[in-house]
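>>> mind folding the following:
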Amino acid sequence: MTTLLQHADYGHLLPAAHGLLEEHTDATKAHLIATGAAMEALAKKFGGDEQTWKVAGMLHDLDWDKLDKDYEAHCGDTLEHLLSTIGAPQELLGDIRAHYQHQYGAEYPLDTMLRKCLYCVDELTGFIIAVTLVRPSKKIADVEVKSVKKKLKDKGFAAQVDRSQIASCEELLRMPLDEFIQITLDAMKSVANDLGL
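Now for the predicted structure:
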């Protein structure tokens, strides 16, 4: 049964999470900041602990820049080591591994709202950044839900993005795609300066 609040509170790790982003990310930093902001907004929507959800969003791809696109190693030993440096609980590691269903779905199911939201929003934040970067202004303030949806239909644009994972918000979260995009987009606009967008 899905529960909202069964998570340990690891919001106290937020300052350490910021430190990890500064120290260990480069290419993925904007994506992690964006996902943290989106997860905080989704926590408000679903009654979760905002700081805990934000930490999960900020750290979910923490290992990616160190892996040289090694998909098999993603969310494995490197991530576990990085999280151990801040005393993160095993629950945080489990929540993060759950977003990578391809590798960890059997062991870490999407059985909480935090996990479901992280799974759905992970691909969307990266996609919205891509949409922003092809706009003339390269400013997220100029991105609207309709422009995101238009690009989602263009299979040649950001082709590596799993559109079905984004669309699963309707089944997993019982949330219309338009609303899901709007919440995520608004959250990302609130941290536009941090994203450099």
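>>> please, which helix or strand holds the nearest residue to residue 104 once chain neighbours are set aside?
Nearest non-adjacent residue to residue 104, counting by Cβ to Cβ, 6 or more residues apart in numbering: residue 97, 4.2 Å away. C-betas here are computed from N, CA, C, even on glycine. According to DSSP states H and E, residue 97 maps onto helix 90-98.
>>> elements contacting that helix?
helix 50-59, helix 77-84, helix 101-104, helix 113-133 (3 or more Cβ pairs under 8 Å, 6 or more residues apart in numbering; DSSP states H and E).
>>> worst-scoring helix or strand of this structure, pLDDT-wise?
The helix or strand of the chain with the poorest confidence is helix 101-104; it has a mean of 90 (mean pLDDT, DSSP states H and E).
>>> mind listing what's buried along that helix?
101, 104 (16 or more other Cβ atoms under 10 Å).
>>> pLDDT score for the residue of the chain positioned farthest from its centre?
The centre of the chain is farthest from one residue, residue 136, which by Cα atoms, centre = their mean lies 25.5 Å away. At residue 136, the pLDDT value in this model is 96.
>>> what about the nearest residue to residue 188 once chain neighbours are set aside, neighbour count?
Residue nearest to residue 188 in three dimensions, not counting chain neighbours: residue 34, with 4.9 Å by Cβ to Cβ, 6+ apart. Residues within reach of residue 34, counting by other Cβ atoms under 10 Å, total 29.
>>> do the same with the one 10 residues further on
By the measure other Cβ under 10 Å, the count of residues near residue 44 is 13.
>>> that one - that's part of a strand, no?
No. Residue 44 sits outside any strand when classified using DSSP: H, G, I helix; E, B strand; the rest coil, being helix.
>>> look up the closest residue to it, ignoring the ones flanking it.
For residue 44, ignoring the flanking residues on the chain, the nearest one in space by Cβ to Cβ, 6+ apart is residue 50 at 6.2 Å.
>>> you'd agree the residue nearest to residue 188 is up against residue 128?
Yes. The criterion here is Cβ atoms under 8 Å, and residue 34 meets it with residue 128 at 7.2 Å.
>>> mutual contacts of the two, please.
residue 188 (Cβ atoms under 8 Å, 6 or more residues apart in numbering).
>>> low-confidence ranges, the chain, go.
Scanning the chain for pLDDT under 70 picks out 1-8.
>>> show me what contacts residue 53?
39, 40, 42, 43, 114, 117, 118.
>>> tell me how far it lies from residue 158.
25 Å (Cβ to Cβ, to the nearest Å).
>>> and what of residue 120?
16 Å.
>>> and residue 65, by the same measure?
In terms of Cβ to Cβ, residue 65 sits 19 Å off from residue 158.
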